[in-house]
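S.K.: Below is the structure, and that's it, no one-letter string:
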DNA sequence: ACTATTCTCGTACTGCGTACGAGAATAGTG
DNA sequence: CACTATTCTCGTACGCAGTACGAGAATAGT
């Protein structure tokens, strides 16, 4: 009933029922059971599908049509299953999203190619993350709701922590730096994607430009008027990313 | 039919129907009509409610119970209206969210208190934004889907652009800096809120800690093990924010 | 008084996440 | 070899979401 076919021992049913659950209403999933325990039970019917296949189908759907296209019904039909069968592999949709995030994290190279200069290494990591998020544009959105890092995410974290070792920062600070860096990349890529999408619909962009011009013309927005009048050169997202990243990383100190 | 009671002239119906709409499927709303045109038509029934009141109710709901509590039905009943009546004031829910964002942006001080040092001013602006987002924890989430800045948002942007004037950056670069700064603050506050929420449910946090400890004990995650073993001092969110903000702003250059 | 216009909102449709439980498949037991 | 306990599958159904539709109420110009 609670194990969605992936569990280790088999005596925690009592515990889980007995737990009065904090009181907050969110029952949630025990991460230990979710990530470490895909052992097949000895009794009962053999599973027709696999968590792997389901997650991959969900990722393919999100890549092709965006996160909103990922519904339990569509993922299931993509895999040839009934909608409710998914619940044998993930207890709810939010967990499926977590599985998706960790699944694509498996694409991140985990090789330890440190150069000796930790700033260089950190920047390389950020560039990897950016490319990764551009390949899976739903990632920044999905990331903001994530709860617990899965094995692939942890492998990448391991790499990042290794890169940060020469800084001499303590544990909490190293984690914080990595979290901030990831947050920065996610924010930037989200912005980048939004702008790309805006450029893809010209009428919409034109309407927005007309609106801003109208506001600027009202006399109460001199700064905006000036900015619109003298925009300067266009600024590629790539260059902007690199600039801000360099500022952030070069500003990091070991004090 | 298209005017949701807020329109200026009254001859754009033909235009709007005639538009074949890019092709992308998202009809969207003309920002000019949305933000600059709340003139009451001369004919017809007088509106019972107001966009202002509806938006305020939605904001109150989001503040109290989070963004998920903001449903058309609940907002409507909060205001004493039928659910469908909201559509006379906003064409769809996404637009209502935009109205909410701009509504709370009205709380941001718009006074021009520049000190003469633009770095100091920029940091002050970021601190304002952080406090603002902490007061309305749904803002980081809502912000990521926003399309067009409303009047209050523009007023604040005006102030930020003024603060950036002494940098000598061109228009596009100034806009970019502000966007990045806002993105950074939003990302940080989202992280901050998530951690606060995690601290509020101790069993969940304990389960996560147990899971991470188990991973660290497997021998394949030496960096994680070390970090968990020697966490260092706790790091208040406030201090972390200030540190990263200072790095970001001090690293800004006028080249 | 009449008519054109605008606002209100009950009804209803589609699609979502998922609770429930009946049936099918499997593995250990006598 | 049944028999039984367990596990997986998935049709049905419930509640809730956003919102299209259209009938009726209110208002302003004629």
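M.R.: Here it is on my side, so go on. The shown structure was predicted, so the numbers you read here are calculated from the model rather than taken from an experiment.
S.K.: Low-confidence regions, chain A specifically.
M.R.: Applying pLDDT under 70 to chain A flags the ranges A:1-28, A:254-255.
S.K.: report the longest helix in it, please.
M.R.: Assignment by DSSP state H gives helix A:171-200 as the longest helix of chain A.
S.K.: State the next helix or strand along the chain beyond it.
M.R.: Going down the chain from helix A:171-200, the next helix or strand is helix A:202-216, by DSSP states H and E.
S.K.: what's the offset of stretch A:92-106 from the middle of its chain?
M.R.: The chain centroid and the centroid of stretch A:92-106 are separated by 9 Å, computed with C-alpha atoms, centre = their mean, to the nearest Å.
S.K.: Closest to the centroid, which residue in chain A?
M.R.: In chain A, the residue lying closest to the centroid (C-alpha atoms, centre = their mean) is residue A:143, at 3.1 Å.
S.K.: That one touches residue A:101, doesn't it?
M.R.: Yes. Counting by C-beta atoms under 8 Å, residue A:143 does reach residue A:101; the two are 6.5 Å apart. Every residue, glycine included, has its C-beta placed from N, CA and C.
S.K.: quick revisit: pull out the buried positions in the longest helix of chain A.
M.R.: Within helix A:171-200, the residues that qualify as buried are A:171-194, counting by 16 or more other C-beta atoms under 10 Å in any protein chain shown.
S.K.: Also near DNA strand D: which of those, exactly?
M.R.: Among these, proximity to DNA strand D is found for none (C-beta under 7 Å from any atom of the strand).
S.K.: thinking again about what came up before, for the residue nearest to the centre of chain A, what are its contacts?
M.R.: Shown in contact with residue A:143 (C-beta atoms under 8 Å, 6 or more residues apart in numbering or on different chains): A:101, A:182, A:186.
S.K.: All the strands of chain A, residue numbers only.
M.R.: Using DSSP state E, chain A contains no strands.
S.K.: Pull up the residues of it that are close to DNA strand C.
M.R.: Within chain A, the positions lying close to DNA strand C (C-beta under 7 Å from any atom of the strand) are A:42-46, A:70-74, A:83-84, A:87, A:92-94.
S.K.: Emit the PyMOL select command for whichever of these are buried.
M.R.: Buried residues within the residues of chain A next to DNA strand C, by 16+ other C-beta under 10 Å, are selected in PyMOL with:
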select buried, chain A and resi 70+72+94
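S.K.: Find the nearest non-adjacent residue to residue A:58, please.
M.R.: Leaving aside its sequence neighbours, residue A:58 sits nearest to residue A:75 (C-beta to C-beta, 6 or more residues apart in numbering or on different chains; 4.8 Å).
S.K.: which one in chain A is furthest away from the centre?
M.R.: Distance from the C-alpha centroid of chain A, by C-alpha atoms, centre = their mean, peaks at residue A:219 (42.4 Å).
S.K.: Compute the distance from the centre of stretch A:198-207 to the centre of its chain.
M.R.: So, by C-alpha atoms, centre = their mean, the centroid of stretch A:198-207 is 27 Å from its chain's centroid.
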